[in-house]
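Engineer: Compute the structure for the input listed below.
(chains A and B, ligands or ions: 3)
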Amino acid sequence: MRFEIKTIETDVLIIGGGTAGCFCALTISEQSDLNVVITDKAHIKRSGCLAAGVNALNAYIGKGETPESFVDYVRGDSEGVIREDLVYSIAQRLNKVAQRLEELGVPILKDQNGEYVQRGPRSVKINGENIKPLLAEAVLDKENINVLNHVNIVDYLVKDGVVVGAVGFSLKDNKIYEIYAKKTVCATGGAAGLYKPNNPAFSRHKMWYSPFNTGAGYAMGVRAGAEMTTFEMRFIALRCKDTIAPTGTISQGINTVQVNAKGEEYVGKYGEPTTYMRLYATVKENLKGNGPCFLKTRGITREQQNELIKAYLNMAPAQALKWVEMNSGPAEENVEIEGTEPYIVGGHAASGYWVDGDRRTTIQNLYAIGDVAGGSPKKYVTGCLAEGEIAAMSILETIKEGHIVRLSRDEISGKSKDILHFFSNEPPLYTIEEVEGAMQKVMDEYAGGISMAYIYNNAKLAIAAKRIEELLTIVEALKAESLHELLSIFEIIDRLFVCKVLIKHLEARQETRWRCYQENGDYPQKDDDRWMKYVNSVYKDGEVQIMLRELVGRDEAYEHPSQ
Amino acid sequence: MSIQVNKAKCVSCGQCCDVCPGNLIQKDKNDKAYIKYPQECWGCIACVKECSVGAIKYHLGIDIGGKGGYLYTKNRGDYMDWFIVSLDRRKHQITINKKESNKY
Ligand SMILES: Cc1cc2nc3c(=O)[nH]c(=O)nc-3n(C[C@H](O)[C@H](O)[C@H](O)COP(=O)(O)OP(=O)(O)OC[C@H]3O[C@@H](n4cnc5c(N)ncnc54)[C@H](O)[C@@H]3O)c2cc1C
Ligand code: SF4
Ligand code: SF4
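Structural biologist: Ligands and ions are numbered 1, 2, ... in the order given. Coordinates of the predicted model:
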């Protein structure tokens, strides 16, 4: 197969044209005439988490709340180990970016006084079906933003320890892209598909997080030696059974409670109803034989039911189809709920790049925003937009110092060989799908997946670590017959890298801080004396090296030591 | 979780192939769209909404409770018509104003 190498130079390269990436590009474009290139593995019209739509803006400073009380809430819900400085900087921008979304055309529900109607203290009601096409349209309107759809980025281009761009390949034609930029922004979202999913048969991709966000940004950063934080705080969602559709629309929208098969409200038995405790309580009830568990919807009005069906069509149509097909609905039947497989996602939990206040990573000229950036849980859509804006402002301030640096011809042809050798491999013993299954099985059984009620211990992690290493060797022999298969191979490699780092983080935290998310069977209690700390890591000489860092307060201006 | 393309209806515009966030839809040798990797479908229905001739329908996998029904949409400016057809051929229509927020 012949491949053409396309070389592009730009001021700013944004990898991933999702929520955070699009907004970062828009902000730069509106405030300067810098050239921006966005690359996305799909088409930005419907790529990433927002493809089907979302149901609410879940991070917002509602009436009676302040940015300070928002940080207090996130800290409490996350057992204290968050980057308060990052959450605070997001909190200060949430309402402004929500308004911007409305200007872009996203309908937000208003009362007679023209004020947003809240779904909860920190959430407003919207119609989020069209949110991604609206963002994409705004981006495509800008002359100084060049969007490369269907270009999958594989790695950063690094020269003397500085990120100078990225390399990837097209999914539509035989082209390798080498893109050089003064500043590079990673916005590739989180990682799904690490663990055996809820529906492992035909509907294996009917999962909550986007199955097409496969942790590429984390993996590229790990390989380039960027510092990562809090991977051990996995995110596990409590969702509608089978369709894995969100539950907040029901539980917050019409205020329902969680009940077990006997009809008992069970969450209170387990302690404070934080996000992870509602999940933990559900897992425990099932283990005790009290399942299935439900959201108690029986008895809601027909009108409420019809509105719920509409709300689900606007963000998780599978659930609406399920109700209508059953010839029933939430008014007649309670909605069964279950925990998902664990994801690594910095927009809900705190896993991701270790960044400073400007969202700079520890590698020079590289920023990270959105679900791929760590330290600030519960950022959701508006928090991702806020981070896009924060990074944009820093880029506008600092880009004058930047210049384009290119790799040598030899270095680039080495990179393209690394990508293309999968076409010339001999037919291997194992298929891509088999390797994926092997990875998900070992993570499920030995690194706290669904079948283990999310609990792991160090003896199990050691087995997982060994197997992931073996798989990392085996993937090198996989063979691609098409561009899509090449993509699948890189997706597995990236997920294996994420697993490798995740296992080290799970092992490092010798306590149980967040039940289910991080539940270490060897250390079943929370230990505030020793573990009010971040677990961070750097990949060096083939090893994941763990380091512990002290908590950063909300008014601190955290800077990386090297910058 | 997956979709099916009615090849007789497909007018080969290629929109669905472009917009699928997983790059799962391709064209066959007659230039008609088909889902090449049905098990990799997320069920986002971006493709269904994109198809202006209603050639794509979406169904629940049997492993997650599918009962043979399916869903498709029709775009009418500010409105989206949603059709859900159950196995017994009953057709439910739900119309949503795109400019209106959800109640919940
Ligand atoms: C199903 C679901 C429902 C949600 N509902 C809500 C809600 O109701 N309210 C709310 O506030 N939040 C909600 N969230 C959370 C919110 O949507 C996310 O936090 C946010 O969209 C993440 O933005 P992002 O830019 O980090 O990632 P994304 O928007 O997912 O963007 C990542 C982009 O990177 C691209 N990409 C990935 N890898 C590569 C690569 N190697 N090369 C090139 N491109 C790549 C992807 O195609 C994608 O476009 C929901 C999330 C999900 C998954
Ligand atoms: S439903 Fe979504 S993931 Fe499935 S084929 Fe259509 S666009 Fe692709
Ligand atoms: S969008 Fe519809 S008409 Fe166009 S290629 Fe796809 S199936 Fe065919």
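Engineer: Which residues of the stretch 251-400 of chain A lie near ligand 1?
Structural biologist: Residues of the stretch 251-400 of chain A found near ligand 1 (C-beta under 6 Å from any ligand atom) are A:Gly347, A:Gly370, A:Asp371, A:Val372, A:Tyr380, A:Val381, A:Cys384. C-betas here are computed from N, CA, C, even on glycine.
Engineer: pLDDT below threshold where in chain B?
Structural biologist: Where chain B drops to pLDDT under 70, the residues are B:1.
Engineer: Could I get the full set of helices for it?
Structural biologist: Counting by DSSP state H, one finds helices in chain B at the ranges B:15-19, B:46-50.
Engineer: Can you add mean neighbour count and give those helices back as CSV?
Structural biologist: Formatted as CSV, the helices of chain B follow (neighbours: other C-beta atoms under 10 Å in any protein chain shown):
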stretch, mean neighbour count
helix B:15-19, 22
helix B:46-50, 25
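Engineer: distance of A:Lys310 from ligand 2?
Structural biologist: 19 Å (C-beta to the nearest ligand atom, to the nearest Å).
Engineer: Actually, A:His505.
Structural biologist: A:His505 is 30 Å from ligand 2, where distance means C-beta to the nearest ligand atom.
Engineer: Next up, phi/psi of that residue, please.
Structural biologist: Torsion angles at A:His505 (phi, psi; degrees, to the nearest 10) stand at phi -70, psi -40.
Engineer: Output the residues of the stretch 251-400 of chain A next to ligand 1 as CSV; include the columns distance to A:Val167 and secondary structure.
Structural biologist: As requested, these are exported to CSV (distance: C-beta to C-beta, whole Å; DSSP: H, G, I helix; E, B strand; the rest coil):
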residue, distance to A:Val167, secondary structure
A:Gly347, 26, coil
A:Gly370, 21, helix
A:Asp371, 22, helix
A:Val372, 18, helix
A:Tyr380, 31, helix
A:Val381, 30, helix
A:Cys384, 25, helix
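Engineer: In PyMOL, how would I select the buried members of those residues?
Structural biologist: Those of those that count as buried under 16 or more other C-beta atoms under 10 Å in any protein chain shown are selected in PyMOL with:
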select buried, chain A and resi 347+370+371+372+380+381+384
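Engineer: between the residues of the stretch 251-400 of chain A next to ligand 1, which is nearest A:Lys417?
Structural biologist: Taking C-beta to C-beta as the measure, A:Val372 is the one of those closest to A:Lys417, at 27.1 Å.
Engineer: if I pick the closest one, what's in contact with it?
Structural biologist: The neighbourhood of A:Val372, defined by C-beta atoms under 8 Å, 6 or more residues apart in numbering or on different chains, consists of A:Gly16, A:Cys186, A:Ala187, A:Thr188, A:Gly189, A:Gly190, A:Gly217, A:Tyr218, A:Gly221, A:Gly346, A:Gly352, A:Tyr353.
Engineer: Mind doing that once more with 10 Å?
Structural biologist: A:Val372 makes contact with A:15-16, A:18, A:20-21, A:185-191, A:213, A:215-218, A:220-221, A:344-347, A:351-353, A:355, A:361, A:384, A:387, according to C-beta atoms under 10 Å, 6 or more residues apart in numbering or on different chains.
Engineer: and the residues you listed, which of them are in strands?
Structural biologist: In strands, judged by DSSP state E, the following of the contacts of A:Val372 are found: A:Ile15, A:Val185, A:Cys186, A:Gly352, A:Tyr353.
Engineer: Beta-bridge partners for the second one, please?
Structural biologist: When you say that, I think you mean A:Val185. Beta-bridge partners recorded for A:Val185 (DSSP bridges): A:Ile14, A:Tyr367.
Engineer: Could you find the closest non-adjacent residue to A:Val117?
Structural biologist: A:Leu109 (4.2 Å; C-beta to C-beta, 6 or more residues apart in numbering or on different chains).
Engineer: same check, this time on A:Ala464
Structural biologist: Nearest one to A:Ala464, counting by C-beta to C-beta, 6+ apart, is A:Tyr446 at 3.7 Å.
Engineer: list the contacts for the residue in chain B positioned nearest to ligand 1?
Structural biologist: Residue of chain B nearest ligand 1, by C-beta to the nearest ligand atom: B:Pro21 (6.1 Å). Residues near B:Pro21 by C-beta under 10 Å, 6+ apart: A:18, A:40-52, A:132, A:210-213, B:42, B:44, B:46-47.
Engineer: So for chain B, the centremost residue is which one?
Structural biologist: B:Val48 (2.7 Å; C-alpha atoms, centre = their mean).
Engineer: and the host helix or strand of A:Tyr312, what's its mean pLDDT?
Structural biologist: Per DSSP states H and E: A:Tyr312 is located in helix A:302-313. Here helix A:302-313 scores 95 as its mean pLDDT.
Engineer: Could you look up the next helix or strand downstream of that helix?
Structural biologist: With DSSP H and E, the next secondary element past helix A:302-313 is helix A:317-326.
Engineer: Output the helix or strand that comes right after that next one as PDB, nothing but the C-alphas.
Structural biologist: Sequence-wise, the next helix or strand downstream of helix A:317-326 (DSSP H and E) is strand A:335-339. These are the backbone C-alpha positions of strand A:335-339, laid out as PDB (Å, rounded to 0.1, in the frame of the first residue of the first chain):
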ATOM      1  CA  VAL A 335     -36.800   1.700  35.800                       C
ATOM      2  CA  GLU A 336     -34.200  -0.800  36.600                       C
ATOM      3  CA  ILE A 337     -30.700   0.500  37.200                       C
ATOM      4  CA  GLU A 338     -27.200  -1.000  37.200                       C
ATOM      5  CA  GLY A 339     -23.500   0.200  37.500                       C
END
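Engineer: I'd like the distance from strand A:335-339 to the chain centre, please.
Structural biologist: Counting by C-alpha atoms, centre = their mean, to the nearest Å, strand A:335-339 is centred 22 Å from the centre of its parent chain.
Engineer: Each with direction, which strands does that strand pair with?
Structural biologist: Using DSSP bridges, the strands paired with strand A:335-339 are strand A:238-240 (antiparallel), strand A:293-295 (antiparallel).
Engineer: In it, which residues are buried?
Structural biologist: In terms of neighbour count (16+ other C-beta under 10 Å), strand A:335-339 has its buried residues at A:Val335, A:Ile337, A:Glu338, A:Gly339.
Engineer: Can you tell me the closest non-neighbouring residue to the third one?
Structural biologist: Excluding its sequence neighbours, the residue lying closest to A:Glu338 (C-beta to C-beta, 6+ apart) is A:Lys241, at 4.9 Å.
Engineer: tell me the contacts of the one you found?
Structural biologist: Per C-beta under 10 Å, 6+ apart, neighbours of A:Lys241: A:Asn198, A:Pro292, A:Cys293, A:Phe294, A:Gln319, A:Lys322, A:Val335, A:Glu336, A:Ile337, A:Glu338, B:Ile64, B:Gly65.
Engineer: Can you lay out these as TSV showing distance to A:Ala477?
Structural biologist: Compiled in TSV, these are given as follows (distance: C-beta to C-beta, whole Å):
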residue	distance to A:Ala477
A:Asn198	30
A:Pro292	43
A:Cys293	44
A:Phe294	47
A:Gln319	41
A:Lys322	41
A:Val335	45
A:Glu336	42
A:Ile337	41
A:Glu338	37
B:Ile64	34
B:Gly65	39
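Engineer: What is the nearest of those to A:Arg409?
Structural biologist: A:Arg409 lies nearest to A:Asn198 out of the contacts of A:Lys241, by C-beta to C-beta, at 47.8 Å.
Engineer: and that closest one, how many neighbours?
Structural biologist: Using other C-beta atoms under 10 Å in any protein chain shown, the number of residues around A:Asn198 comes to 21.
Engineer: Distance check, it against ligand 1.
Structural biologist: Distance, A:Asn198 to ligand 1, by C-beta to the nearest ligand atom: 14 Å.
Engineer: ok, now how distant is that residue from A:Ile337?
Structural biologist: Taking C-beta to C-beta, to the nearest Å as the measure, A:Asn198 falls 11 Å from A:Ile337.
Engineer: what is in contact with those two at once?
Structural biologist: Joint contacts of A:Asn198 and A:Ile337 (C-beta under 10 Å, 6+ apart) are A:Arg239, A:Lys241.
Engineer: Tell me who's in contact with the nearest residue to A:Asn457 once chain neighbours are set aside.
Structural biologist: Excluding its sequence neighbours, the residue lying closest to A:Asn457 (C-beta to C-beta, 6+ apart) is A:Gly521, at 3.7 Å. Contact analysis of A:Gly521 by C-beta under 10 Å, 6+ apart lists A:Gly448, A:Met452, A:Ile455, A:Tyr456, A:Asn457, A:Asn458, A:Ala459, A:Lys460, A:Thr512.
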